[in-house]
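Undergrad: okay, predicted coordinates and the sequence, questions at the end:
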Amino acid sequence: MSAGDHKNGGDQPEEAVSVAKVWPEVERAESLARGAALKWASGVFCRPEHLERLSQYRKRESQRTSSIHTRLKSMVQSYLEGVGWGLEQLREARMELREVSHALKKAGLESSRNGEGVKTLEGLREVSVSHRQLLAAVSNLPRLYSVRGMVLETERLVESRRLLEAHARLMDLERWQDDILWQLHGAAGTAGSALSAEDQELVARYFSGVQQLVDALGKELWAVVSSALALARQNPTPFVSAVRIVEREEALDRALLEEREGPRGPSRPLPPGRPRCWRARFFQVLEEAVSARFRSVSYLHTRGPGLAGHLSALQHAVMADLATVRHLLEHCVPSHYGLTGAYLRASHRCLQAHLLQVSGWDLESGEIFAVLNWVLHIYNSPDMMGHPELVPEMQKLDLGPLISPEGLEQLQNKYVQSVRKSVSQWMHKALQVELQDWQRDQEPDTDHEGFYHTSLPTIITQMLEENARVARMIGEHLRDQTIQMGLYEMENLLNRFREALVEFGKEHHRDPSNIKNKFYLHYLLASISNCIILKNSTESLQKQLSSRSVGRFSWTPPNPLAALDRAVRRACRLVMDQLLLDLQPFLPGLLTRPWLVQGDPTPKLCHVLERHVEMHGRVRPPCRQRLQEEAQWLTVVEYVRALMHKRLVCRSAEERRQLAQQMVQDDARFREVLHGLEGEGSVPEVNPLFLLPVLADFIRLKDPSMLTLEVSGLAAKYPDISEEHVSVLLDIRGDVSRDIRGAVLDLLEQSAPPLPPGYRPIFTGILVPPSTMAFCLPTAKCV
């Protein structure tokens, strides 16, 4: 190694140390780079054979290093050029700042020298201002001396209602006052010259009567405007003068504002009391006059029936005033005033406020109807605001409804509640009258078809239909609400009616011989006919409901038809209870030895049945058929129940034949009495009268071994028959052995079919009485 190299190599550690001291990050970066390089080399040259590619790696890294050095040099060069350009700019800016500083110093010296000259002119300026003020005062002395006379003369003109002349003099006074104030303010727009408080007070004292004249003229002016409707029919000249004055004032306000908006405007203040905005005040006074006209309509007898008359008076007053405005006043004002629209807007607002007040009263249903009808129909009809000549103006104004949708909804709800209260009271009274009719000592009335009825359904039907008709005059929504309310009240009435029927039945059964209950059955049948009439009325009301009302009500919808059905069922049950009560004395004689020999008491039973069936004919269909069907079931059930008591046990085949023959004869008699139901074709699928011939055939069967087949057919037709019922039938025959009995009962137990849908049980309600036969062992013979 040469000395030079040694010298250079010896300087490198010192240079690295100095660099590391100045840039400690360089040393850390170099250390990280060496560590990364060592890690990379140890991974690449981990085997000796890898050293063969060392020259390739060295060449590639040299190329990469030279590329990086080239980019660094280029970047540093560009940075150095930018720094040089910035230094040059700073040098130029420094020179320019030095020149500006010298110029400012020179200007400051010149200004300080000129300030002394300006101070010498201040005195001259004050003398000039004082001179101009004195000149203005001297030139305005004639005006100032004549102000008092002008004020007095203007007052006389105002008092005599010579408004145009008074306003001309007033404008002269205001112009003098404005000129004097402007001259004293500094004349010709001198900037910075403000009027002193003494000068303002002096001018105000000279023109003290001007503001009073303005107030007096305005008072007279607004008095004329407020009485414009009356003046238009007599002498519209004062109203025309008032409009001309309003237009003058409006033009003057506009001119003064435009003048102040000019280049010299801000230095000149507005005259006192400007702008007056008398056109806006004109329409305000007009609205107040309309409101006063509304208050002038008599409020006496407004409540009760007088409310409709009051609303009618409002209608005529509004339309009369509108005719005056359109045909007279509209020609006295400029076209841009739109006086008809202004009156329509004012009257609409007054009506809104008045109807809001009326809606807050405790109104009855008739009063609410009058308000709703007036608001929804009369106000927008061709007789009022829907007049062909007013429609374009109304469309242009878009005034909105007289009463808000929420207010209308509340008013309609109040109407429905009021009607509901009235309907509830009338229904209660009608029900009380009905209960009193039940105690009358005469039959119920009959209609032209011969059906029993009372006054209850007529009262209820007419009341509900009338309420629905009246509500329909307002709208479908109110009609639907009223019908829904009526159906609710109908349901409540029917529930109370059903309770009254129950109490009526209890009272009758406590003392059947009471003379007050002489026509008990008749009024039960009349009640059933009444329910049929109410059902027809209910269905008619439900058909009137619009489809949109379905699901509109959040509460449970009324179901009067279900209440009607419950009431009819209860009345029919009471009718059947009365039939049973009339049949009861003769039932113990059925299926006994005397009955078998003489046939008694079947004719008496038929007589009772015939009387009841005849009375059932006074009931409206379909309940008449229903009652006759119930009578069939009751007769057959009681007949079979008597059979189950085993009052007659056959001892021979002849007795079985006689028993079967007598049962068939009884069946024929029953059919003859109950022929009406069969004739009308409404016989049920399982006719109870068919059971008696089947039981007669069972008893008449000669071969006991065929009983198994007979019982199988009986169980197929009447699946509710039980082993106890069959066992009693076998006992009545008196010839069934133990084996046949066991086989029959086993067959019945194994083949018990389920009840088919719609099947009405007959045997289920017939209990077999317990056997009174002495207990015996199976191997012993019963005696």
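TA: The structure has been received and is ready for your questions. Residues are numbered from 1 along each chain as shown.

Undergrad: ranges for the strands of this protein?
TA: 445-446, 452-453 (DSSP state E).

Undergrad: out of those, flag the one nearest residue 127.
TA: Residue 127 lies closest to strand 452-453 among these, at 118.2 Å (C-beta to C-beta). C-betas here are computed from N, CA, C, even on glycine.

Undergrad: which residues sit against the closest one?
TA: 443-447, 522-523, 525-526, 529-530, 533, 618-619 (C-beta atoms under 8 Å, 6 or more residues apart in numbering).

Undergrad: and the furthest pair within these?
TA: Maximum distance among the contacts of strand 452-453 (C-beta to C-beta): 17.9 Å, for 443 and 533.

Undergrad: quick one, which of the two is more surrounded?
TA: More crowded of residue 443 and residue 533, by other C-beta atoms under 10 Å: residue 533, with 19 against 13.

Undergrad: so which of the strands of the chain gets nearest residue 729?
TA: Per C-beta to C-beta, nearest to residue 729 of the strands of the chain: strand 452-453, 41.6 Å.

Undergrad: so what's residue 288 up against?
TA: So residue 288 contacts residue 226 (C-beta under 8 Å, 6+ apart).

Undergrad: roughly how far apart are it and residue 220?
TA: To residue 220, residue 288 is 16 Å away according to C-beta to C-beta, to the nearest Å.

Undergrad: and what of residue 329?
TA: Taken as C-beta to C-beta, the span from residue 329 to residue 220 is 18 Å.

Undergrad: out of the two, name the residue with the larger neighbour count.
TA: Counted by other C-beta under 10 Å, residue 329 and residue 220 do not tie: residue 329 has more neighbours, with 23 against 19.

Undergrad: spatially nearest residue to the more buried one, not counting backbone neighbours?
TA: Nearest residue to residue 329, sequence neighbours excluded (C-beta to C-beta, 6 or more residues apart in numbering): residue 232, at 5.1 Å.

Undergrad: same question for residue 456.
TA: That would be residue 434: by C-beta to C-beta, 6+ apart, it lies 4.5 Å from residue 456.

Undergrad: measure how buried that neighbour is and give me the count.
TA: Around residue 434 there are 21 other residues, counting by other C-beta under 10 Å.

Undergrad: ok, now residue 726?
TA: So residue 726, with other C-beta under 10 Å, has 22 neighbours.

Undergrad: now do the contacts for it.
TA: 711, 714, 744-745, 748.

Undergrad: swap the cut-off to 7 Å and go again
TA: 711, 744-745, 748 (C-beta atoms under 7 Å, 6 or more residues apart in numbering).

Undergrad: farthest pair in those residues?
TA: 711 and 745 (8.7 Å).

Undergrad: so which of those two has more stuff around it?
TA: Each of residue 711 and residue 745 has its neighbours counted (other C-beta under 10 Å); residue 711 has more, 21 against 16.

Undergrad: pLDDT score for residue 409?
TA: Per-residue pLDDT puts residue 409 at 92.

Undergrad: distance of it relative to residue 403?
TA: Residue 409 is 10 Å from residue 403, by C-beta to C-beta.

Undergrad: doesn't residue 534 make contact with residue 460?
TA: Yes - contact status for residue 460 versus residue 534: in contact at 6.4 Å, counting by C-beta atoms under 7 Å.

Undergrad: gap between residue 696 and residue 606?
TA: For residue 696, the distance to residue 606 - C-beta to C-beta - is 18 Å.

Undergrad: ok, residue 505 next?
TA: 25 Å.

Undergrad: where does the stretch 501-650 of the chain dip in pLDDT?
TA: 515-516, 548-556 (pLDDT under 70).

Undergrad: redo that, cut-off 50
TA: 554 (pLDDT under 50).

Undergrad: same check, this time on the stretch 1-150 of the chain
TA: Using pLDDT under 50, the stretch 1-150 of the chain drops low at 1-14, 16-17, 19-20.

Undergrad: how about low-confidence regions in the stretch 201-350 of the chain?
TA: Along the stretch 201-350 of the chain, the model assigns pLDDT under 50 to residues 300.

Undergrad: would you map the helices across it?
TA: Taking DSSP state H, counting those that start in this stretch as the criterion, the stretch 201-350 of the chain carries its helices at 208-226, 228-234, 237-260, 278-296, 306-327, 339-359.

Undergrad: buried ones in stretch 342-360?
TA: Within stretch 342-360, the residues scored as buried using 16 or more other C-beta atoms under 10 Å are 342-348, 350-352, 354-355, 358-359.

Undergrad: kindly reformat the residues you listed as a markdown table containing distance to residue 389.
TA: Shown next, in a markdown table, are the buried residues of stretch 342-360 (distance: C-beta to C-beta, whole Å):
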| residue | distance to residue 389 |
| --- | --- |
| 342 | 16 |
| 343 | 13 |
| 344 | 12 |
| 345 | 17 |
| 346 | 18 |
| 347 | 16 |
| 348 | 17 |
| 350 | 21 |
| 351 | 19 |
| 352 | 23 |
| 354 | 24 |
| 355 | 24 |
| 358 | 28 |
| 359 | 30 |
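
Undergrad: of those, which is the nearest to residue 75?
TA: Scanning these for proximity to residue 75, where the rule is C-beta to C-beta, the winner is residue 345, at 78.8 Å.

Undergrad: ok, that closest one to residue 296 distance?
TA: 20 Å.

Undergrad: how about residue 307?
TA: 18 Å.

Undergrad: ok, now residue 466?
TA: Taking C-beta to C-beta, one finds residue 466 at 37 Å from residue 296.

Undergrad: for residue 397, same thing?
TA: Separation of residue 397 from residue 296 (C-beta to C-beta): 24 Å.

Undergrad: didn't residue 321 look like it was pressed against residue 229?
TA: Yes - Residue 321 is in contact with residue 229 according to C-beta under 7 Å; the separation is 5.7 Å.
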